[in-house]
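J.: Need the 3D shape of this:
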Amino acid sequence: QLVESGGGSVQAGGSLRLSCVASGIYYSRYCMGWFRQAPGKEREGVATINSDGITNYANSVKDRFTISRDNAKNTLFLQMNSLKPDEADRYSCAARGANQGSNWLGFTYWGQGTQVTVSS
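T.: Numbers count the residues shown, from 1 in each chain. The predicted model follows:
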């Protein structure tokens, strides 16, 4: 089970920190990711972090977003800075077992998401 928190409303240029607590999986061995989706749009990969701590970001968020994980607390984070109005989406965390995919593919466990609203 993956449970996100930390969403909310922020003005353009503001910051939010999302969290995702995992249970029922061997968290430290999983690649974790953040995705976002707006109504009527396809889901978009935002960032991933594998079990070794190697990170990957969508080009649109590089240098503004930071993904991190705390294996001792089974928790995934996404620090989002300089948020833009078009990034007002529902953000979900996801988990992928070892060797089950690459880049944005192969994620099999998903949270319900947390809503981020960015006002201009």
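J.: mind listing the strands for the chain?
T.: Along the chain, the segments classed as strands by DSSP state E run 2-5, 8-11, 16-22, 31-37, 44-49, 55-57, 65-70, 75-80, 90-96, 109-110, 114-119.
J.: Remind me what the shortest one packs against, helices and strands.
T.: This points to strand 109-110. strand 90-96 (3 or more Cβ pairs under 8 Å, 6 or more residues apart in numbering; DSSP states H and E). Quick note: C-beta positions are derived from backbone N, CA and C, even for glycine.
J.: roughly how far out does the strand it packs on sit from the chain middle?
T.: Counting by Cα atoms, centre = their mean, to the nearest Å, strand 90-96 is centred 5 Å from the centre of its parent chain.
J.: coming back round to it: could the strands of the chain be laid out in TSV, adding mean neighbour count and mean pLDDT?
T.: Output for the strands of the chain, formatted as TSV (neighbours: other Cβ atoms under 10 Å; pLDDT from 0 to 100):
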stretch	mean neighbour count	mean pLDDT
strand 2-5	18	98
strand 8-11	13	97
strand 16-22	20	98
strand 31-37	23	97
strand 44-49	21	97
strand 55-57	16	96
strand 65-70	18	98
strand 75-80	22	98
strand 90-96	23	97
strand 109-110	16	96
strand 114-119	16	96
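J.: Include distance to S102 when you put those into a markdown table, please.
T.: Below are the strands of the chain laid out as a markdown table (distance: least, Cβ to Cβ, whole Å):
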| stretch | distance to S102 |
| --- | --- |
| strand 2-5 | 20 |
| strand 8-11 | 32 |
| strand 16-22 | 20 |
| strand 31-37 | 9 |
| strand 44-49 | 9 |
| strand 55-57 | 9 |
| strand 65-70 | 16 |
| strand 75-80 | 18 |
| strand 90-96 | 9 |
| strand 109-110 | 17 |
| strand 114-119 | 26 |
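J.: How about the closest residue to L83 other than its chain neighbours: which residues does it bridge to?
T.: When the adjacent residues along the chain are set aside, L83 lies closest to V118, with 4.8 Å between them (Cβ to Cβ, 6 or more residues apart in numbering). Per DSSP bridges, the residues bridged to V118 are V10.
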